[in-house]
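Student: Sequence and predicted structure are below.
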Amino acid sequence: MPSTPCRVATPGDASCPGPSVVFGAGHEPTDHRTRRTTARHYAVAPQRFRITHSFHPQTGKEFEVAERRAIRGQDVVFYLDPDGCLRSISASFTSLGVPDAVVVLGAGRSRFRTEDVLILQRLLEDLRR
């Protein structure tokens, strides 16, 4: 957990330009001092991740995880940007995401996606008719 409290950007907050995390009333993020828990609090080493999505403006940069949770079935990572603004990103766009099994098993040997090969097969069948 960062030593400074998480700062949440509000709509129009000039100190946090660009898209940011906005919470409605009653949904503010908590830190380890205010989060209610029934388990003992043990020190946990901070988890770091790298943004891997090729089109993301922060590609290749490393951040510390502020929080990770499933929101509407999607794995989302929250982090503090260099300006201290709380941001979120899909875990699949980071080094925390689970790699696609087909890509891992193919290990770069396949030149075509299954979907593309099936389309080609249909086109070839249409040409034979």
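Tutor: That came through fine.
Student: From here on, just use CA atoms for contacts and neighbour counts.
Tutor: Fine.
Student: Mind telling me what element Phe78 is part of?
Tutor: Element membership of Phe78, judged by DSSP states H and E, is strand 74-80.
Student: That strand: which residues count as buried?
Tutor: Val76, Val77, Phe78, Tyr79, Leu80 (16 or more other C-alpha atoms under 10 Å).
Student: got the angle for the helix or strand just after it vs strand 74-80?
Tutor: Sequence-wise, the next helix or strand downstream of strand 74-80 (DSSP H and E) is strand 86-90. When axes from the mean of the first three to the mean of the last three C-alpha atoms, to 10 degrees is applied, the directions of strand 86-90 and strand 74-80 differ by 150 degrees.
Student: if we can go back for a sec, per-residue confidence averaged over the strand holding Phe78?
Tutor: Strand 74-80 carries an average pLDDT of 93.
Student: what lines up beside that strand in the sheet?
Tutor: Strand 74-80 pairs in its sheet with strand 62-71 (antiparallel), strand 86-90 (antiparallel), by DSSP bridges.
Student: how about those strands, which one is nearest Val104?
Tutor: Closest approach to Val104 among these (C-alpha to C-alpha): strand 86-90, 19.9 Å.
Student: how about the closest one as CSV, C-alpha atoms only?
Tutor: C-alpha atoms of strand 86-90 as CSV (Å, rounded to 0.1, in the frame of the first residue of the first chain):
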residue,chain,number,x,y,z
LEU,A,86,-6.1,6.7,-8.8
ARG,A,87,-6.4,5.0,-12.2
SER,A,88,-7.8,1.6,-13.3
ILE,A,89,-6.9,-0.7,-16.1
SER,A,90,-8.1,-4.2,-17.2
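Student: Touching the next helix or strand after it from outside, list them.
Tutor: Following the chain from strand 86-90 toward its C-terminal end, the next helix or strand by DSSP H and E is helix 101-106. Residues outside helix 101-106 that contact it (C-alpha atoms under 8 Å, 6 or more residues apart in numbering): none are found.
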